[in-house]
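Engineer: kindly generate the corresponding structure for this input.
(2 chains)
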Amino acid sequence: MNQNITPLVMPKWGLAMKEGTLSAWHVKEGQTITPGQEIMDVETDKIANAVEAADGGLLRRRIGEIGQVYPVKALLGVMAPPEVSDAEIDAYVAAFEMPAVDEVDETQEASYQFIDTPSGRLRYASRPGSGDHAIVLLHGFGGDLDNWLFNIDALTVAGPVYALDLPGHGGSTKAIAEPGLDALANAVEQFLEALKLQDVNLVGHSMGGAVAAMVALRRRDLARSLTLISSLGLGEEINGAYIDGFVAAESRRDLKPVLKELFADENLVSRQMVDDLLKYKRLDGVRDTLRGLADAMFRDGRQVHVLVHDLQAATVPVQIIWGARDAIIPAAHARFLPDAKVEIVPGAGHMVMMEAAGNVNQLIRAFAA
Amino acid sequence: MARKLSMKDAINEAIDQEMRRDPTVIVMGEDIVGGTGSPGEADAWGGVLGVTKGLFAKYGDRLMDTPLSESAYVGAAIGAATCGLRPIAELMFIDFMGVCLDQIYNQAAKFRYMFGGKAETPVVIRAMCGAGFRAAAQHSQMLTPIFTHIPGLKVVCPSNAYDAKGLLIQSIRDNDPVIFLEHKNLYGQESDVPEESYAIPFAEANIVREGKHATIVTYGQTVQRSVAAADLLAREGVDCEVIDLRTLSPIDMDTVIESVEATGRLICVDEANPRCSIAADISATVAQEAFDALKAPIRMVTAPHTPVPFSPALEDLYVPTAEAIAAAARKTVSPKNKMM
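Structural biologist: Residues are numbered from 1 along each chain as shown, chains lettered A, B, ... in the order given. Model prediction:
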């Protein structure tokens, strides 16, 4: 097989994704692609997003047709330098083994891992990466590691990536003895110790940002940098109605309008996203845990833990990323930590790492370098 | 963590987890243990199709094989429920409820009302329902409308393994009598089911498929057939929404009406006989509440008004097929009822 040929394939966003619809091409044959460039749009039953190029090169062949459904890892395009002949590309395309949807399914379960800690069993996903320092991703309130579906693979160029489900969330234990930031930070410390990870680049979204900050403040040896995305813990304001609505919602009808507040583009809230969250919220214990966490972190519609003074006193480098149209925590909080590197992403809401994945990935990679 | 489970195993897991969680949960029925006393296995049967298999080994006498007298043990389960237990009575086939109907509709369904809210009857009556199993006229009926007719009963009929587990857990925890109907043709159907316990609230219909041209409302075995019909229609450019009611009492009419208000077309699919059926009930409610939204007459696709035939060829024609559902939907979007 010609080593100069680089395939462009259907990405795998989240562990459940088996196939996607190619909805647009952003590059033409004969155009040079740079790494990180948005090259096409893909839609799944859960979400739609732009696909970033992992590698650069000259686009020689577009194979994916707009509107068609392709399994994960299906060949959608071919990049190769000009010296590779059309015949060689034809041979490459002909020899490419198109994956079947069922084959993708079989490897799915293996991509979640579990580890037992004193805080209980935690679920995580990991990706090997190049670099000495791992990147560890912490989701927000009511979220799970699949919130990073557009990030986890794109970040591997900067280091091995770990994303975990905090206690009370996703596939991790639903029980938290004393719900609160301390309990979550303890669990993350135990997770890092169990996997013998130190000096990592901690990345936290929303509540996960405050958890990451707590870990870095307590254990400087564990964290070499801190990226806080739309984070709790920088100011007092919070959309209390969102928190209460999210905890209370039992039906699709109640939950959907609440979830729309998370995104600048509310069309991103798909039926599947609402269903998946309802499935999580129906599990025994989840509602009590979420209520307990909310009661510990918020009082009278304000945040209880403001960590700005501690972070200012600490030596850990901090990057703050925010969606300009965040309706949950005001983007103004990004400026509350004077020494931090601040990026406000225009046109994105609270879930900025999903809505502007390419941009956020680049910022995380650069800061971790 | 979710993994693939059949509806039969999901029901077993729901009973298992609730029996572990709550010592007042007991199970009564014919052959639900089965084979006790014979050499070898203590629960050789585990129910007529093996749904309760393995539970006897874990919970012993909390599972009771009863004599072949539905009137006796369904009555006993209802009585035990009023006295503080949470019994699950397995009626084997819903067709047998005739012999214990007084206990269900005149006793269990009335206690809360007649005792001014002071009496509760947290009993679940599980039974297999539906046609397509070559079990003939007396073991194949879809008698859902008989129970939805009676105030004081809750009626549940899941279409898949995930819903079956969550709805059965909700049924066991519910403080009113619940008729829980398991379509025997769906026992082998598999879906992703979390290992953990979870409860799906009643009166929360599931939108199985989103669509903008027509709304198909159904429950039980005909959910997958309706989805298959929607797939057929999608190739013709007709985009159907499919709603799985999941619970028939209480019923989530809000979701149905909201959908019809958006699509303007309604196809009600019901495996029950047509007269006074769930399909007829929904049609009447939509005609009353959302008449202005309708762009075409409501269509009903049901079994014919006959007993379930034993002839396999006729039985296959009896339950609404994907083709029949698609044909009805086509009529609602025909040029006469021009698409908008």
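
Engineer: surely A:Gly245 touches A:Lys256?
Structural biologist: No - look at A:Gly245 against A:Lys256 with CB atoms under 8 Å: they stay out of range, at 10.6 Å. In short, each C-beta sits where N, CA and C put it, glycine included.

Engineer: and the helices in the chain?
Structural biologist: All of this is about chain A. When secondary structure is read from DSSP state H, chain A shows helices at A:86-95, A:101-106, A:181-194, A:207-218, A:240-248, A:252-260, A:271-282, A:286-297, A:308-313, A:352-355, A:357-368.

Engineer: look at chain B instead
Structural biologist: B:7-21, B:55-59, B:70-82, B:101, B:111-114, B:144-148, B:161-173, B:222-234, B:253-263, B:278-289, B:312-318, B:322-332.

Engineer: pick the most deeply packed of those.
Structural biologist: Across those, the average number of neighbours (mean count of other CB atoms under 10 Å in any protein chain shown) peaks for helix B:161-173, which reaches a mean of 25.

Engineer: and chain A, what are its domains?
Structural biologist: For chain A, automatic domain parsing gives the domain ranges A:6-105, A:112-368.

Engineer: dump the ones you listed to a markdown table, plus mean pLDDT, mean neighbour count and distance to chain B.
Structural biologist: Converted to a markdown table, those look like this (pLDDT from 0 to 100; neighbours: other CB atoms under 10 Å in any protein chain shown; distance: least, CB to the nearest CB, whole Å):
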| stretch | mean pLDDT | mean neighbour count | distance to chain B |
| --- | --- | --- | --- |
| domain A:6-105 | 86 | 17 | 9 |
| domain A:112-368 | 95 | 20 | 4 |
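
Engineer: test my guess that A:Phe96 contacts A:Lys73.
Structural biologist: No - the pair A:Phe96 / A:Lys73 is not scored as a contact, 9.9 Å apart, by CB under 8 Å.

Engineer: tell me the centre residue of chain A?
Structural biologist: Centroid-nearest residue in chain A: A:Trp148, 1.4 Å away (criterion: CA atoms, centre = their mean).

Engineer: that one is in contact with A:Met351, isn't it?
Structural biologist: No - counting by CB under 8 Å, A:Trp148 stays clear of A:Met351, with 10.7 Å between them.

Engineer: for A:Ala296, give me its contacts.
Structural biologist: A:Glu178, A:Pro179, A:Gly180, A:Leu181, A:Val304 (CB atoms under 8 Å, 6 or more residues apart in numbering or on different chains).

Engineer: please identify which of these is nearest to B:Ala293.
Structural biologist: Comparing the contacts of A:Ala296 against B:Ala293 with CB to CB places A:Pro179 closest, at 45.3 Å.

Engineer: quick one: the closest one from B:Ala326, how far?
Structural biologist: Distance of A:Pro179 to B:Ala326, computed by CB to CB, to the nearest Å: 50 Å.

Engineer: can you check B:Asp102 too?
Structural biologist: Distance from B:Asp102 to B:Ala326, by CB to CB: 42 Å.

Engineer: go on, A:Arg291?
Structural biologist: 46 Å.

Engineer: equivalent analysis for B:Val156, please.
Structural biologist: 27 Å.

Engineer: over to A:Leu195?
Structural biologist: A:Leu195 is 53 Å from B:Ala326, by CB to CB.

Engineer: try B:Glu204
Structural biologist: Distance from B:Glu204 to B:Ala326, by CB to CB: 27 Å.

Engineer: what's the answer for B:Leu63, then?
Structural biologist: 44 Å.

Engineer: and if you look at A:Gly168?
Structural biologist: In terms of CB to CB, A:Gly168 sits 45 Å off from B:Ala326.

Engineer: which parts of chain B sit against chain A?
Structural biologist: B:1, B:3, B:162, B:166, B:194, B:196-201, B:204, B:206-207, B:210, B:254-255 (CB under 8 Å from any CB of the partner chain).

Engineer: go ahead and build a PyMOL selection from the buried members of these.
Structural biologist: In PyMOL, this line selects whichever of the residues of chain B next to chain A come out buried by 16 or more other CB atoms under 10 Å in any protein chain shown:
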select buried, chain B and resi 162+166+194+196+197+198+199+200+201+204+206+207+210+255
